[in-house]
Each structure stands twice: as C-alpha cells, then as structure tokens.
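Student: generate coordinates for the sequence data below:
(2 chains)
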Protein chains: 2
Amino acid sequence: MADEKKTRIAVEIYGQTYKIVGTETSSHMRLVASLVDDKMREISKRNPYLDSAKIAVLTAVNTVHDYLKLKDQLEQMEEELNKLKG
Amino acid sequence: MADEKKTRIAVEIYGQTYKIVGTETSSHMRLVASLVDDKMREISKRNPYLDSAKIAVLTAVNTVHDYLKLKDQLEQMEEELNKLKG
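Tutor: Below you'll find the model as predicted:
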C-alpha cells in the first residue's frame, strides 16, 4: 500500500542498530524489537558458545513455535465460538 | 520437566545445520524450521545486502510482530466468547 503512512525507526537489538519500517506505531515497533532483544539474550545465556547469527535463528525458531501454538489455540476458540453462535 | 520425552533432531535453516530439542513431534519441529528458512529467504530477497545474522534478526522481528497481532485477535475472540457464555 504505497500511500499508507509508514513509520521508520532505528532500534537496537542485541547490540546492533536496525532501521525498521512498518505501518504500526513506533511504540509497537519498539516493543517488538525489545521482545526480540530479550529473547536473544535469554537464548545466548543458555548457549554461550553460539554466534549471534545462530542465536537469532534460534530466536526465530522459538517465536515461530510460539506462533503456531497460539494459532492452534485461536482455531480451537474459533470452533467453540462458532458452536455457541449456532 | 526432566522426564518428559524429548525429541532431538537436526534441521537445516538457511544453509546451516541446527540441532534442536523439543517436546513436540519431529514433524512439528521440521515444520517450524522450514517456516523460518522460508521467511529468511524471503527477507534476504528483499534485502540482498544483509548478512545472515541481520536477516535472522529481521526474521525474528517479523515473527514477533505476527505473534502479537495473533495475540490481539485471540484476546478479542476470548472477550466475545465470554460475552456469549454470559
């Protein structure tokens, strides 16, 4: 969507600066960045020998896993909702 | 949970092998890995100048964003469900 208003901000994740672009508010984008930063630090604590590329990949793996679990929950709830609505 | 049965598999993501451990089935874990791989390749196509660590971080950023959107949906649905249940 070319004329949608875009937010461009710089965030710091795991010691690196990233310029990210999105249609969300900057506070939402900062929240996302800080969650990724937290998760990377948590994973690096448990795997101190891993380089940052691998830590980032494992962070993505964990998040996709959480996403799929949440999606399952959503689908179950949707089913329940449809039953209740008749 | 120490005595929960754990699955240990090797998966390939973006040209690197990762040993991942989880309590899920190996097919679920392979699905997660292939989704991360797809997402990394998609982001690298749009940003061919980025190194793999940055691509992985942006993949995590995108996934956390998707996760939060889904969580919003879930919370709205939960509210609707509670109203219907009285």
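
Student: could you pull up the contacting residues of the residue nearest to A:Thr25 when sequence neighbours are not counted?
Tutor: Closest residue in space to A:Thr25, ignoring its immediate chain neighbours: A:Thr7 at 6.7 Å, by Cβ to Cβ, 6 or more residues apart in numbering or on different chains. (Each C-beta comes from the backbone N, C-alpha and C, glycine too.) The contact partners of A:Thr7, by Cβ atoms under 8 Å, 6 or more residues apart in numbering or on different chains, come to A:Val21, A:Gly22, A:Thr23, A:Glu24, A:Thr25, A:Ser26, A:Met29.

Student: any idea which helix or strand carries A:Glu42?
Tutor: Here A:Glu42, judged by DSSP states H and E, is contained in helix A:26-46.

Student: got a list of contacts for that helix?
Tutor: A:7, A:9, A:11-14, A:18, A:20, A:22, A:50, A:52, A:55-56, A:58-59, A:62-63, B:57, B:60-61, B:64-65, B:68.

Student: now, these that are in helices?
Tutor: Taking DSSP state H, the ones among the contacts of helix A:26-46 that sit in helices are A:52, A:55-56, A:58-59, A:62-63, B:57, B:60-61, B:64-65, B:68.

Student: could you export those as CSV, including pLDDT?
Tutor: What follows is the ones in helices among the contacts of helix A:26-46, written out as CSV (pLDDT from 0 to 100):
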residue, pLDDT
A:Ser52, 90
A:Ile55, 94
A:Ala56, 92
A:Leu58, 94
A:Thr59, 93
A:Asn62, 93
A:Thr63, 92
B:Val57, 94
B:Ala60, 93
B:Val61, 94
B:Val64, 94
B:His65, 93
B:Leu68, 94
